[in-house]
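Q: Starting from these lines, generate the structure:
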Amino acid sequence: MRRLLIPLLLILLSSIPSFAGKKDPGRIEILVDASASMASAFGSDGSDRLGAIRNALDILAPALSEEQPKREIALRVFGGGHLLGEAGACEDTRLLLGWSLAAEARLDESLDGIGSRGASCLGAALEAVREDFGPIQEKDALLILLDGLDSCREDGTWIALDRMQEEGLKVLVLGIGLSFPDRPEISSHAALKPISDFNGFIATMLEVLTGLGPAEMVGLTTEFHLTQTSGIARLDLRASMIPGIKSMSPEDFPLKVQLPAGSLSATAIDAEGEELGRLLRIPILPGHRISLDIPDFQAAELDAVEMPTGWDIRPSLDVRFKKAPASGARLVLQKDPSPGASWVWASQISGSEGHQIVPLPEHSGDYQIQLRTRSKQGEIVLAELKIKAPGHWISIDAPSEGGSDTRIPIQWKSMAAPGDFLTIVPSDTPYEYIGVRYPAGDGLDLDFPPVGDACDWEIRYISGLDNSRLAKAKIEIKDPRAGILPPEKAEVSRKIEIPFFGPRNEGDMISLAPEDSAPGDYISSTGTEREPCLLETPEKAGTYRVRYLSSDLEVLADEQIEITQSEIVLSAPDSVPSGGRIRLSWENERSPEDYIAIAVPEAPLSRRLGFVYVSMGSPTTLAAPTKKGVYELRYISKGEILLRRTIRVE
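A: Numbers count the residues shown, from 1 in each chain. As a prediction, the model looks like this:
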């Protein structure tokens with residue numbers, strides 16, 4: 001048995017901000033990144049990033065249920081619900097678990113229906129978190145689990161988070177496989193701890209959520225019991241924290257082994273070598289007793305028929321199931337059988353017999369479709385179907401060279417699918433980087449806009465399902481002139497970044513001008529010393545032009561931009577005591593010089609009874625009049641009342 005003892009791997013060398021306390025633990029919300037990049041591998045055990053989080057919650061659920069005093073916990077995800085490029089992908093955030101006591105929260109099931117897909121809409125999620133908390137209470141905390149920056153917003157991502165921290169919220173970001181370039185921005189807004197392996201991840205989560213630090217875990221033994229041995233010749237154990245498979249006979253149990261926190265799968269094999277059944281994602285917490293109850297499996301059945309394929313149709317299977325449990329079962333498509341790996345696709349099923357359309361993965365290879373149900377120990381695999389996915393084959397046809405001032409015609413062949421897009425970036429750009437997105441659509445031709453400088457560029461075809469690169473083609477850009485890459489849309493009265501390239505001669509400028517205006521008739525401009533440059537957008541919405549102008553006002557590049565105006569939102573109580581304070585909050589202010597005033601209805605603009613500048617920050621307070629009656633709150637910008645709201649002074 002000595003050879004079965006595994007060294008304890010749970011060691012953390014750095015300190016972590018302590019959220020947990022033994023008294024009055026407060027509330028904690030967990031915000032989980034479920035965007036497409038979370039399907040990337042994590043560690044060396046076959047798990048992926050979202051799978052590691054799901055595994056961690058399985059493991060931590062029993063520890064949280066035993067915590068005294070009880071903590072309130074909530075869980076929200078962003079991404080996971082829409083494909084990249086779909087409408088709503090940049091507002092894709094859901095509250096999976098409202099405020100609940102940890103013992104009642106079923107945290108171990110909270111991510112079971114979530115897959116990795118879509119955009120990383122972190123900014124939208126943080127705004128939703130602000131609503132989840134309401135007024136910040138003492139010891140409230142937010143734990144953010146992500147692997148990268150917001151892919152939807154160029155600015156404004158951190159406003160809600162900064163304000164919550166000003167109100168006393170404690171925040172820790174765990175960067176799961178986070179790249180080095182993304183770390184400075186995140187760490188400038190919150191405490192950041194990069195995580196690169198599963199054991200370190202579990203140790204950090206234990207300390208944050210339960211107060212069980214690494215030192216408290218050292219030397220604890222996990223005890224394994226096999227309570228049913230009928231027909232079992234051996235048990236193949238595979239753990240997320242131990243490489244390889246350990247085969248043991250029923251006589252080897254019970255086992256007492258020092259293990260770090262993690263998860264386990266157990267496969268029962270009979271004397272003829274046939275698989276009797278399997279348990280997946282069995283949570284292991286040092287010091288706990290694990291009962292490996294291999295149940296009597298039903299004779300569930302799976303079969304699959306290929307669906308027709310074609311342009312704009314993802315390859316898929318019609319999977320038919322029989323003799324499934326009447327409720328609580330699901331179909332899962334998975335590549336790696338490791339306990340820490342999550343699925344490519346999953347869906348709940350109902351009824352003991354039926355069928356489900358299962359989309360095949362983008363990449364070719366061997367996969368498994370499993371019929372699963374949950375048990376106290378983990379997930380039971382009731383039936384399994386091994387399949388071979390052909391992959392999403394794409395080829396790109398593009399010229400080998402082109403000029404920076406000409407359009408670049410390209411074609412691609414095979415099955416473009418909803419959400420797929422193309423982008424063009426310098427060939428040495430990291431794999432994860434995505435430039436301007438051009439939807440693949442249902443056609444074969446696409447003209448890229450001018451690009452530069454004189455260097456090798458790469459056209460990349462990107463899957464809308466998981467953000468993976470399906471095809472690429474190199475193109476050499478020669479004779480660079482000038483080009484600008486403004487966003488398609490921007491809000492009024494904002495400073496926006498404009499990427500550009502060009503000669504940058506003395507006197508050159510980037511300008512923003514009304515549609516159909518002369519080159520010298522512009523609203524705002526900046527020099528070309530800094531790239532990207534900053535431009536001030538106008539106060540009025542409409543269609544405008546962003547131009548690269550030479551010193552003699554020759555237009556070297558010209559692109560359209562749509563300036564939009566979001567509705568101002570002013571929040572205030574319906575009534576307030578006379579002489580009291582009115583609590584105000586607002587969104588989408590136009591300018592720091594704007595102000596919110598209180599006045600008698602129908603009074604002229606200059607007759608205000610009190611005011612506060614929006615530059616003071618939202619929320620803030622304003623003194624209420626001492627005289628009772630009906631008054632009017634006004635949002636005023638550049639001498640114009642943009643919004644009115646009635647308030648009663650009692």
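
Q: Please enumerate the helices of this protein.
A: Remark: helices assigned in the chain by DSSP state H are 49-65, 122-133, 159-166, 183-187, 198-210, 214-217.

Q: Next, format these as a markdown table and append distance to Gln356 and mean neighbour count.
A: For the C-beta atoms, the positions are set from N, CA and C on the backbone; glycine is no exception. As requested, those are arranged in a markdown table below (distance: least, C-beta to C-beta, whole Å; neighbours: other C-beta atoms under 10 Å):
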| stretch | distance to Gln356 | mean neighbour count |
| --- | --- | --- |
| helix 49-65 | 21 | 24 |
| helix 122-133 | 29 | 20 |
| helix 159-166 | 38 | 17 |
| helix 183-187 | 39 | 14 |
| helix 198-210 | 31 | 23 |
| helix 214-217 | 41 | 16 |
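
Q: mind checking which of those helices is nearest Leu333?
A: Among these, the nearest to Leu333 by C-beta to C-beta is helix 49-65 (13.3 Å).

Q: Let me know the average pLDDT across that closest one.
A: The average pLDDT within helix 49-65 is 82.

Q: Which other helices and strands does it contact?
A: Contact partners of helix 49-65 among helices and strands, from 3 or more C-beta pairs under 8 Å, 6 or more residues apart in numbering; DSSP states H and E: strand 27-33, strand 170-176, helix 198-210, strand 262-269, strand 275-284.

Q: other SSEs contacting the second one?
A: Same thing as strand 170-176. Right, strand 170-176 is packed against helix 49-65, strand 141-146, helix 159-166, helix 183-187, strand 191-195, helix 198-210 by 3+ C-beta pairs under 8 Å, 6+ apart.

Q: Including distance to Lys246, could those go into CSV?
A: Shown next, in CSV, are the helices and strands packed on strand 170-176 (distance: least, C-beta to C-beta, whole Å):
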stretch, distance to Lys246
helix 49-65, 19
strand 141-146, 30
helix 159-166, 44
helix 183-187, 37
strand 191-195, 26
helix 198-210, 18
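
Q: Out of those, the one nearest Ser637 is which?
A: Of all those, it is helix 159-166 that lies closest to Ser637, at 19.2 Å by C-beta to C-beta.

Q: ok so, going back, nearest to Ser342, out of the helices of the chain?
A: Taking C-beta to C-beta, helix 49-65 is the member of these nearest to Ser342, at 3.1 Å.

Q: Okay, now the unreliable bits of the stretch 301-450 of the chain?
A: Judged against pLDDT under 70, the low-scoring parts of the stretch 301-450 of the chain cover residues 309-314, 340, 392-393, 403-407, 413-418, 431-432, 441-445, 449-450.

Q: Kindly recompute the last result at 50.
A: Within the stretch 301-450 of the chain, no range satisfies pLDDT under 50.

Q: Strands of that one, start to end?
A: Remark: strands assigned in the stretch 301-450 of the chain by DSSP state E, counting those that start in this stretch are 301-306, 316-322, 329-334, 345-349, 354-359, 365-374, 379-389, 394-397, 401-403, 408-414, 421-426, 438-439, 445-448.

Q: Reformat the helices and strands packed on helix 49-65 into a markdown table and put distance to Gly391 next to each item.
A: Converted to a markdown table, these look like this (distance: least, C-beta to C-beta, whole Å):
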| stretch | distance to Gly391 |
| --- | --- |
| strand 27-33 | 26 |
| strand 170-176 | 26 |
| helix 198-210 | 28 |
| strand 262-269 | 27 |
| strand 275-284 | 26 |
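
Q: With Gly391 as the reference, measure out to the nearest residue to Asn467 once chain neighbours are set aside.
A: Distances taken as C-beta to C-beta, 6 or more residues apart in numbering place Ala36 nearest to Asn467, at 3.7 Å, with adjacent residues excluded. Distance, Ala36 to Gly391, using C-beta to C-beta, to the nearest Å: 17 Å.

Q: Neighbour count for those two, which is higher?
A: Between Ala36 and Gly391, counted using other C-beta atoms under 10 Å, the more crowded position is Ala36 (26 against 15).

Q: Format the CA atom coordinates belonging to stretch 523-531 as PDB.
A: The C-alpha coordinates for stretch 523-531 follow below in PDB (Å, rounded to 0.1, in the frame of the first residue of the first chain):
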ATOM      1  CA  ILE A 523     -15.200  69.000 -36.200                       C
ATOM      2  CA  SER A 524     -12.200  67.600 -34.400                       C
ATOM      3  CA  SER A 525      -8.700  66.600 -35.400                       C
ATOM      4  CA  THR A 526      -5.400  65.300 -34.000                       C
ATOM      5  CA  GLY A 527      -1.900  64.800 -35.200                       C
ATOM      6  CA  THR A 528      -0.300  61.500 -36.300                       C
ATOM      7  CA  GLU A 529       2.400  61.400 -33.700                       C
ATOM      8  CA  ARG A 530       0.500  58.800 -31.600                       C
ATOM      9  CA  GLU A 531      -1.000  55.600 -32.900                       C
END
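
Q: which stretches of this protein have low pLDDT?
A: Ranges of the chain meeting pLDDT under 50: 1-22.

Q: which outside residues touch stretch 595-606?
A: For stretch 595-606, contacts defined as C-beta atoms under 8 Å, 6 or more residues apart in numbering pick out 570, 582, 584, 586, 607-614, 622, 624-625, 629-636, 639, 641, 646-647.

Q: let's see 7 Å
A: For stretch 595-606, the external contacting residues (C-beta atoms under 7 Å, 6 or more residues apart in numbering) are 570, 584, 586, 607-614, 622, 625, 630-636, 639, 641.

Q: Would you mind checking those for buried ones?
A: Buried members of these, counted by 16 or more other C-beta atoms under 10 Å: 570, 584, 586, 608-609, 612, 614, 622, 625, 631-636.

Q: Those in strands, which ones?
A: Residues of the buried ones among the contacts of stretch 595-606 located in strands (DSSP state E): Leu570, Leu584, Trp586, Val612, Leu622, Tyr631, Glu632, Leu633, Arg634, Tyr635, Ile636.

Q: and which of the residues you listed is nearest to Glu109?
A: Trp586 (38.9 Å).

Q: Please name the residues that touch the closest one.
A: Trp586 makes contact with Ile568, Val569, Leu570, Ser571, Ile596, Val614, Ser618, Tyr635, according to C-beta under 7 Å, 6+ apart.

Q: State the distance from it to Val344.
A: To Val344, Trp586 is 44 Å away according to C-beta to C-beta.

Q: What of Ile523?
A: For Ile523 relative to Val344 (C-beta to C-beta), the value is 49 Å.

Q: higher neighbour count, the two?
A: Neighbour count, other C-beta under 10 Å: between Ile523 and Val344, Val344 has more, with 27 against 17.

Q: isn't that one right next to Val332, touching?
A: No: using C-beta atoms under 7 Å as the test, Val344 is too far from Val332 to be in contact (8.6 Å).

Q: ok, back up a step: wouldn't the residue nearest to Asn467 be in contact with Gly115 here?
A: No: Ala36 is not in contact with Gly115 according to C-beta under 7 Å; the separation is 9.5 Å.

Q: Between the helices and strands packed on helix 49-65, which one is closest to Ala440.
A: With C-beta to C-beta as the yardstick, what comes closest out of those is strand 27-33 (25.0 Å).

Q: Neighbouring strands of that closest one in the sheet, and parallel or not?
A: Strand 27-33 sits in its sheet next to strand 72-78 (parallel), strand 141-146 (parallel), going by DSSP bridges.

Q: okay if I get these as a markdown table plus mean neighbour count?
A: Below are the strands paired with strand 27-33 laid out as a markdown table (neighbours: other C-beta atoms under 10 Å):
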| stretch | mean neighbour count |
| --- | --- |
| strand 72-78 | 23 |
| strand 141-146 | 24 |
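
Q: In JSON lines: those strands, plus distance to Arg281.
A: Shown next, in JSON lines, are those (distance: least, C-beta to C-beta, whole Å):
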{"stretch": "strand 72-78", "distance to Arg281": "17"}
{"stretch": "strand 141-146", "distance to Arg281": "18"}
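
Q: Ile387: which of those strands is closest?
A: The closest of these to Ile387 is strand 72-78. By C-beta to C-beta, the value is 28.0 Å.

Q: got the angle for the closest one vs helix 198-210?
A: With axes from the mean of the first three to the mean of the last three C-alpha atoms, to 10 degrees defining the directions, strand 72-78 sits at 130 degrees from helix 198-210.
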